[in-house]
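Q: this one's sequence-less:
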Ligand SMILES: Nc1nc2c(ncn2[C@@H]2O[C@H](COP(=O)(O)OP(=O)(O)OP(=O)(O)O)[C@@H](O)[C@H]2O)c(=O)[nH]1
């Protein structure tokens, strides 16, 4: 299920929590007895928020379950119910006021963490390219700079690769824009499939893609991109109108070198791509300090 669904589900869960907190306040104000559910040691599994949370942990339908922030929300929710139980068990006194303050702070913190998770998901959603489902150029440099810092800390090499389809305009001109879109989707999905799980692929613009190959030397990356080039060259891509099209792609690679910023590395990979285009297309060219190869 998509990120939009996860954001909406978090909103619903938050409303359920707020409705539960409002009911608790009403009962407190009226001096009514607490409910068995709220007094139970597993109150955090009985409320609507808790049931929703447990279901997501069990079946990971929304893709939230694996996220560290989501695990943190589960702990906060359980703690908040502990504070609520303590508050509900405390006779009216200064101690009860202090228990209320702890409960209110825990509830606020829970709401804050859910909002922060939603915000993170929204940022991710906004930086996605809707056509290919890959991350787009927005925030790409920040993301890559962080990855490259991490690679340097771990002492691992990395490579930036640019890929641009050859004469892509002809696909649009001959088969129409919708067919061009289908080709871009096919290429984006294929590139992601051909690379490893920890490599990153972005739609850089139009018919251009950028990949960050983590933990890869230039020679290893050259082998990988050469394989992708051959797969594209050998493939017939099915179009919405039933036709099939063949095309090729050009690639430019640059190894990340210590201390260099990511924008400069991308620029060199782009120069190598330009060289691949200039020297005939359907090629993989590497930027090296002593020239292209
Ligand atoms: N269908 C479709 N076409 C796009 C999209 N973005 C860019 N394009 C098209 O991509 C084409 C790029 O054309 P050019 O820059 O001339 O490049 P090219 O035809 O691939 O030629 P070379 O790169 O020189 O091999 C243009 O026709 C754009 O309209 C998109 O999202 N969908």
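A: Arrived safely. Every value quoted in this text rests on a predicted model; they were computed, and no experiment measured them.

Q: surely residue 287 and residue 257 touch.
A: No: using Cβ atoms under 8 Å, residue 287 is not in contact with residue 257, being 10.4 Å away. All C-beta atoms are positioned from the backbone trio N, CA, C, and that covers glycine.

Q: and these two? Which one has more around it.
A: Taking neighbours as other Cβ atoms under 10 Å, residue 287 and residue 257 compare with residue 287 leading, 22 against 13.

Q: for that one, helix, strand, or coil?
A: Three-state assignment for residue 287 (DSSP: H, G, I helix; E, B strand; the rest coil): strand.

Q: next, find the distance separating it from residue 144.
A: Residue 287 is 16 Å from residue 144, where distance means Cβ to Cβ, to the nearest Å.

Q: what does residue 220 give?
A: For residue 220, the distance to residue 144 equals 19 Å [Cβ to Cβ].

Q: between those two, which one's more packed in?
A: Just comparing residue 220 and residue 144: by other Cβ under 10 Å the higher neighbour count belongs to residue 144, 22 against 13.

Q: buried ones in the helix or strand where the more buried one lies?
A: Assigned by DSSP states H and E, residue 144 belongs to helix 140-153. Of all the residues in helix 140-153, those buried under the rule 16 or more other Cβ atoms under 10 Å are 140, 143-144, 147-148, 151-152.

Q: which members of the residues you listed are the farthest-apart pair?
A: The largest separation in the buried residues of helix 140-153, counting by Cβ to Cβ, is between 140 and 152 at 18.4 Å.

Q: excluding chain neighbours, what is closest to the most centrally placed residue in the chain?
A: In the chain, the C-alpha nearest the mean C-alpha coordinate belongs to residue 124, at 5.6 Å (Cα atoms, centre = their mean). Distance criterion Cβ to Cβ, 6 or more residues apart in numbering; nearest residue to residue 124, sequence neighbours excluded, is residue 3 at 6.1 Å.

Q: my guess is that neighbour contacts residue 125, does it?
A: Yes: if you go by Cβ under 8 Å, residue 3 and residue 125 touch, sitting 4.6 Å apart.

Q: neighbour count: those two, which is higher?
A: Higher neighbour count among residue 3 and residue 125: residue 3, with 17 against 14, using other Cβ under 10 Å.

Q: which ones are touching that one?
A: Under the criterion of Cβ atoms under 8 Å, 6 or more residues apart in numbering, the neighbours of residue 3 are 63, 121, 124-125, 128.

Q: same question, residue 102
A: 83, 86-87.

Q: thank you kindly, that will do.
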